[in-house]
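Colleague: sequence plus the predicted model coming up.
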Amino acid sequence: MSVVSTPAVLLRSFNYSETSRVLRLYTKDLGLVSVMAKGIRRAGAHGQGGIDTFSRGELTAYIRPTRDLQTFKEFAVEEAGASLGRDVLRFAGASVLAEIVLLHAGPDPSPQVFERLTNALRRIEVEPRAGIVAAVLAEGWLLVTTLGYEPQIDLCVHCGRALGTSEVSRFDFSAGGVRCSDCAFDHSGPLVGPGAREQLSALLQGTAPEVLGKPRAHLRLLHDFVTYHISGSKPLKAFRVFGVLAGFDE
């Protein structure tokens with residue numbers, strides 16, 4: 001067993017007993033880590049009693065490679081997550097990103113994913129409320145791309161032809177991109193018109209369009225892409241909650 005300190009962000013926590021909690025954190029040096037924080041629920045225990053979800057800081061834990069659940073020592077908060085918790089839409093948007101990481105990440109570290117995630121949380125914290133949906137979509141696609149699943153939207157995934165600027169295509173989830181009009185006649189994927197494709201291109205670069213057309217459809221596309229390529233068809237609860245809070249679902 002060794003004592004390890006690493007930058008980390010708290011993604012989920014669960015009560016374990018009257019005094020303890022299990023914390024799930026994504027770390028820069030250890031990837032996804034679960035730790036048992038004994039006594040943390042006692043008021044003021046180690047000054048850690050109020051660690052908020054999405055707090056960023058330095059995790060110190062006792063690590064044993066053969067264990068799935070490590071032992072918590074302390075968490076030095078550098079950026080608190082309380083501001084996200086004060087706005088349910090921001091919190092739900094951050095939860096969408098956390099869900100993507102939790103579904104994909106394992107014990108192998110990825111400093112690029114850690115940086116992408118923490119930058120995304122900072123963006124959602126300060127984004128004007130009217131732009132939260134577009135910001136979550138942009139950061140969601142950037143995170144998916146960082147994880148290695150960038151969709152192809154400029155060339156047909158079936159024949160390789162460049163799509164025309166006014167061409168209507170269909171999204172092919174299994175192939176990871178769009179089919180041109182010639183190759184889409186027998187495919188049932190969602191239609192992607194030229195305007196939607198232009199906006200998707202901007203989102204993939206991390207840019208929120210000035211006016212986001214059909215945000216419900218954009219969220220559904222990201223949801224279905226993550227479901228196919230990352231979650232293994234596992235239910236995506238955070239997407240559902242975010243959609244409801246954004247007014248997209250009943």
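Modeller: Looks like it came in fine. Computed from a predicted structure; not experimentally measured.

Colleague: where exactly do the helices run in this structure?
Modeller: Assigned by DSSP state H, the helices in the chain fall at 82-85, 88-104, 111-126, 132-146, 194-204, 215-226, 237-245.

Colleague: give me the contact list for the shortest one.
Modeller: The one in question is helix 82-85. The set of residues external to helix 82-85 that reach it, using CB atoms under 8 Å, 6 or more residues apart in numbering, is 52, 53, 54, 55, 90, 91, 94, 121, 124, 125. Any C-beta I mention is one placed from the backbone N, CA and C, and that applies to glycine too.

Colleague: neighbour-wise, which one of these leads?
Modeller: With neighbours taken as other CB atoms under 10 Å, the top of these is residue 94, carrying 29 neighbours.

Colleague: I'd say that residue and residue 54 touch.
Modeller: Yes - if you go by CB atoms under 8 Å, residue 94 and residue 54 touch, sitting 5.4 Å apart.

Colleague: anything in contact with each of these two?
Modeller: With CB under 8 Å, 6+ apart as the test, residue 94 and residue 54 both reach 81, 84, 121.

Colleague: ok, those residues vs residue 35, which is closest?
Modeller: Checking the shared contacts of residue 94 and residue 54 against residue 35 with CB to CB, the nearest one is residue 81 at 16.8 Å.

Colleague: what is the burial count for that closest one?
Modeller: Count around residue 81 with other CB under 10 Å applied: 22.

Colleague: okay, it: pLDDT?
Modeller: On pLDDT, residue 81 comes in at 86.

Colleague: correct me, but it touches residue 53?
Modeller: Yes - contact criterion CB under 8 Å: residue 81 and residue 53 qualify, at 5.4 Å.
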